[in-house]
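Peer 1: Any chance you could fold what I've pasted below:
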Amino acid sequence: MKQIRLILVLGCLVSFVSIVHAEDKAPAGAEKAKKAKEPTAKEQKTSLNPVVKMVTNKGEILVELNAKKAPITVANFLAYIKDGFYNDTVFHRIIKGFMVQGGGMTVDLQKKKTKPPIKNESYNKLRNKRGTIAMARTNAPDSATSQFFINHVDNRTLDFDGPYKPGYAVFGKVTKGMEVVDAIAEIATKRVGPHGNVPVEQVVIKSVTLLDPKAEKADKKADTIKSAKKEKDNQ
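Peer 2: Next up is the predicted model:
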């Protein structure tokens with residue numbers, strides 16, 4: 001009888017230990033499922049914000065586009081870039097301490113034919129801060145086509161502030177070349193026919209191209225090495 005009780009007790013202990021270990025162990029396939037959720041290299045690459053290079057006769061400007069916050073505006077801007085629309089256009093309106101505007105006129109101040117207007121995404125709450133790029137438009141909120149401006153200073157009055165003050169849609173920011181924007185803003189202006197604040201010296205946008213993320217990363221690395229070398233030489 002004692003032997004039978006001992007066997008029963010040992011059996012219960014073995015079952016208890018098995019249950020404890022079973023609860024501590026992750027369900028079958030859980031680790032595999034966790035790994036499957038991790039983004040692939042391709043997904044990580046596509047999740048990067050697009051970066052465009054604007055080459056002007058005053059220097060180069062790199063702009064990072066915020067596709068997450070302004071998907072319609074960024075898609076529109078990239079479509080114009082793909083078509084080569086901005087090549088050989090000008091910054092036709094310059095107001096120091098405010099902004100520099102371009103992307104819609106030829107060197108002889110003729111308006112280029114554009115795509116249909118897009119929805120104003122200023123409700124994305126991106127602010128018109130110094131160095132940001134936003135869409136130019138008429139008084140009608142949803143009238144932006146190709147023209148854009150780069151804020152020379154913080155312009156809080158251009159921000160979205162409710163349905164009765166839609167604002168101007170920011171869709172990116174300058175990541176390199178703000179000194180070029182500053183130089184453009186310093187150019188004296190004049191009136192040419194119906195156009196005001198036209199620079200006396202033409203500022204031509206030679207090209208706007210979409211950069212490969214890998215190329216942009218390589219450029220940044222090269223700049224870092226160059227800066228470190230310069231700093232070392234100055235010591």
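Peer 1: Show me which positions of stretch 109-128 end up buried.
Peer 2: Neighbour-count burial for stretch 109-128, with 16 or more other Cβ atoms under 10 Å as criterion, is recorded at 112, 117-118, 120-122, 124, 126-128. C-beta here means a position set from N, CA and C on the backbone, and glycine is covered the same way.
Peer 1: what sits against the residue nearest to the spatial centre of the chain?
Peer 2: To find the centre residue of the chain, average its C-alpha atoms and take the closest one (Cα atoms, centre = their mean): that gives residue 65, at 1.9 Å. Contacts of residue 65 were listed using Cβ atoms under 8 Å, 6 or more residues apart in numbering, and they are 49-52, 74, 77-78, 171-172.
Peer 1: My assumption is that residue 73 lies in a helix; please confirm.
Peer 2: Yes: if the criterion is DSSP: H, G, I helix; E, B strand; the rest coil, then residue 73 is within a helix.
Peer 1: My understanding was that it contacts residue 121; is that so?
Peer 2: Yes: with the criterion set as Cβ atoms under 8 Å, residue 73 and residue 121 qualify as a contacting pair; they are 5.2 Å apart.
Peer 1: Need the overlap of contacts for these two.
Peer 2: Counting by Cβ under 8 Å, 6+ apart, the contacts common to residue 73 and residue 121 are 169, 171.
Peer 1: I'd like to know how many residues surround residue 147.
Peer 2: Counted with other Cβ atoms under 10 Å, the burial measure for residue 147 works out to 19 neighbours.
Peer 1: meant to ask about residue 163, not that
Peer 2: Other residues within reach of residue 163 by the criterion other Cβ under 10 Å amount to 8.
Peer 1: now it: how far from residue 118?
Peer 2: In this structure, residue 163 and residue 118 are 18 Å apart, going by Cβ to Cβ, to the nearest Å.
Peer 1: ok so, going back, now, which of the contacts of residue 65 lie within strands?
Peer 2: Secondary structure assignment (DSSP state E) places 51-52, 171-172 from the contacts of residue 65 within strands.
Peer 1: which stretches of this protein have low pLDDT?
Peer 2: Filtered on pLDDT under 70, the chain yields the residue ranges 1-47, 213-223, 225-227, 229-230, 232, 235.
Peer 1: where exactly do the strands run in the chain?
Peer 2: 51-56, 59-65, 89-95, 99-106, 132-135, 148-151, 170-176, 189-192, 195-199, 204-210.
Peer 1: So for residue 142, which of the ones you listed sits nearest?
Peer 2: Using Cβ to Cβ as the measure, strand 132-135 is the one of the strands of the chain that comes nearest residue 142, at 10.4 Å.
Peer 1: Tell me the strands beside that closest one, with direction?
Peer 2: strand 148-151 (antiparallel), strand 170-176 (antiparallel) (DSSP bridges).
Peer 1: Export that strand to CSV, keeping only CA atoms.
Peer 2: Extracted C-alpha coordinates of strand 132-135, given in CSV (Å, rounded to 0.1, in the frame of the first residue of the first chain):
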residue,chain,number,x,y,z
THR,A,132,11.1,73.9,-44.5
ILE,A,133,9.7,73.6,-48.0
ALA,A,134,6.0,74.3,-48.6
MET,A,135,3.6,74.6,-51.5
